[in-house]
Structure formats: C-alpha cells, structure tokens
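A.B. asks: fold the following.
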Amino acid sequence: MTAAIRAEWTKLRTVAAPLWLLLGAIVLTIALGAAAAASLHCTGAACGVDRTRFSLAGVQLGQAVVAVLGVLVVGNEYSSGMIHTTLMAIPRRSVALGAKALVLTGPVVVAGLVAVAGSLIAGDRLVSLAWTTGSTLRAAAGSVLYLALIALMSLGIATAVRDSGAAIGLVLGLVYLFPILASVVSNPHWHKKVEQIGPATAGLAVQATTDLKDLPIGPWPGLGVLALWATGALALGLATLRFRDA
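C.D. replies: Numbering: from 1, shown residues only. Alright, predicted model coming up:
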C-alpha cells in the first residue's frame, strides 16, 4: 500500500490541474461565504439567523470543484489509457482504488481547512460569529468532512462510469438535484424525505448551529447519509474495477 500511495501522490502532484482546482475551491468557497454573510446587513445575535451557516454557504459552490477533482483523479487515467499501467503496477485493484482515495482525501482536507477557516474569519468580520461554541466548531469540522466525502463519492462514481464527462454530470446532478426537488415538492412529508436522503441536503445539515430541532435531519446523522453515499459509490467503483476489464 505504501508504494501505491507514493505512486498516486506522484501522479497527483506532478500535474497542474489538481492544484488549480483546489485553489479554485478555496477562493470560491471563501468568496461566496463572505458574500452570503455580507448580505445579512447585521451583526451578532441581532441578525436572527444562523450566521455560521451563512458564512459557510460557499461550501455549496466549492463542492462542485472538489467533485470535478475527485472525478479526474481516475477519469483522466481511463481517457488516456494510463489505467492499464496503473493496474499492471498494482494488480490488487482494491489497493489501487484505496491508494487513490487516500491521496485524494489528504489535499481535499487541507484545502477544506483553509477554505472553511477563511470563510469563518470573513464571516466573523462581517457578522461577528460565536467562535467558542461547540456548534460552530462542529459546523467547521463537518464542512471539511463534507468536502472530503464529496470527493470520495465522486471518485467512486468516476471509477464505475469510466468517463469523466458523464461522471461529472452524474455527481453534480446528485449534489444539486435534491435541493431543487426539495424546493418544488410541496407535500411536507415528501419534502422532508427528499432532504433526508439527498447527499447535499442531508450532509449540509452539519453546518446548522441554530434551531436544530426544526431540521429534517440532525447534523451528524445528515453527514452520515453522505458517508453512506460515498461508501456506496466506492463499493460500486471497486466492484466494476474488479469484475470488468480496464
């Protein structure tokens, strides 16, 4: 596994696209979060809304860039034919996919930490956040984990689909379709169900710091739903990697 991780890390760091995508995710996340916080036109408890969640709104845009990165980690190898070389060098396909997942997760977590910290610093300057509360720290840590899980789900889907364009479309569809469905479903029961099962609608509940009882799903259970999506996608990707020719 160590050799596989080293090989995957070499492939990731020797091309420019991953770095630019991660930088783009950081910039977009902070910029949109700052814009959302500035739109409140108030500070402190006088805002009457979840200031932390507004400050972290940029994650909803940054996740798209992270998803693209997760797809390209394996999608580029299928498009170039390099996947044959990878599987010859690492015959155990579970090890090959596991190495890709680990190497992808590390940079995404680092970028997520920078993006979330930047968003909260900007939000604090604009609307005075409650930094010391456990709910704010949970929202920050959960947002970083959210981005990592989106990347892993994207990796799994791309491994199963084997086409970067199709995989990107499928991932973004899963991420952004459920919020759209939730907005158009008028029946309260089904509206709640849609928000509970969607990878983004459920996963982003971890950002909430106020009115937790009114949420369709709790913060950590919501992130757990996204973890199930990521696990299922990786399991599907591994199954296709094992039982189909490259």
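A.B. asks: buried set for the helix or strand containing G156?
C.D. replies: For G156, the host element (DSSP states H and E) is helix 134-161. Neighbour counts over helix 134-161 (16 or more other Cβ atoms under 10 Å) mark 135-136, 138-140, 142-161 as buried. For the C-beta atoms, the positions are set from N, CA and C on the backbone; glycine is no exception.
A.B. asks: check stretch 35-48 too.
C.D. replies: A36, A37, L40.
A.B. asks: which outside residues touch that stretch?
C.D. replies: V49, R51, F54, S55, A57, G58, A122, G123, L126, V127, S128 (Cβ atoms under 8 Å, 6 or more residues apart in numbering).
A.B. asks: what about G75, distance to D163?
C.D. replies: Using Cβ to Cβ, to the nearest Å, one gets 7 Å for the distance from G75 to D163.
A.B. asks: settle it for me: which of the two has more neighbours?
C.D. replies: With neighbours defined as other Cβ atoms under 10 Å, G75 and D163 compare such that G75 has more, 25 against 14.
A.B. asks: so what's the more buried one closest to, chain neighbours aside?
C.D. replies: Nearest non-adjacent residue to G75, counting by Cβ to Cβ, 6 or more residues apart in numbering: S164, 3.3 Å away.
A.B. asks: so who does that neighbour touch?
C.D. replies: V71, L72, G75, N76, Y78, S79, A158.
A.B. asks: for it, give its distance to A151.
C.D. replies: With Cβ to Cβ as the criterion, S164 and A151 are 15 Å apart.
A.B. asks: over to G123?
C.D. replies: Distance from G123 to A151, by Cβ to Cβ: 24 Å.
A.B. asks: then N76?
C.D. replies: 15 Å.
A.B. asks: ok, now A67?
C.D. replies: From A67 to A151 the distance is 7 Å (Cβ to Cβ).
A.B. asks: what does G62 give?
C.D. replies: For G62, the distance to A151 - Cβ to Cβ - is 11 Å.
A.B. asks: swap in F54?
C.D. replies: Taken as Cβ to Cβ, the span from F54 to A151 is 24 Å.
A.B. asks: just checking, next helix/strand downstream of the helix or strand of the chain with the lowest mean pLDDT?
C.D. replies: Here the helix or strand of the chain ranked lowest by mean pLDDT, DSSP states H and E is helix 82-89, holding a mean of 76. Using DSSP H and E, the helix or strand that directly follows helix 82-89 along the chain is helix 93-127.
A.B. asks: okay, now the unreliable bits of the protein?
C.D. replies: Across the chain, the ranges flagged by pLDDT under 70 are 45, 245-246.
A.B. asks: count the residues that sit near A96.
C.D. replies: A96: 24 neighbours (other Cβ under 10 Å).
A.B. asks: contacts only, for it.
C.D. replies: So A96 contacts A4, T86, L87, I90, L241 (Cβ under 8 Å, 6+ apart).
A.B. asks: same question, E195
C.D. replies: F178, A182, T201, A202, P216, I217.
A.B. asks: using PDB, write out every CA atom in stretch 96-108.
C.D. replies: Extracted in PDB, the C-alpha atoms of stretch 96-108 (Å, rounded to 0.1, in the frame of the first residue of the first chain):
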ATOM      1  CA  ALA A  96      -5.100   0.800  -6.300                       C
ATOM      2  CA  LEU A  97      -8.500   2.300  -5.500                       C
ATOM      3  CA  GLY A  98      -7.700   2.700  -1.800                       C
ATOM      4  CA  ALA A  99      -4.400   4.500  -2.600                       C
ATOM      5  CA  LYS A 100      -6.300   6.900  -4.900                       C
ATOM      6  CA  ALA A 101      -8.900   7.500  -2.200                       C
ATOM      7  CA  LEU A 102      -6.200   8.300   0.500                       C
ATOM      8  CA  VAL A 103      -4.200  10.500  -1.800                       C
ATOM      9  CA  LEU A 104      -7.300  12.400  -2.900                       C
ATOM     10  CA  THR A 105      -8.600  12.800   0.700                       C
ATOM     11  CA  GLY A 106      -5.400  14.400   2.100                       C
ATOM     12  CA  PRO A 107      -5.200  17.500  -0.200                       C
ATOM     13  CA  VAL A 108      -9.000  18.000  -0.100                       C
END
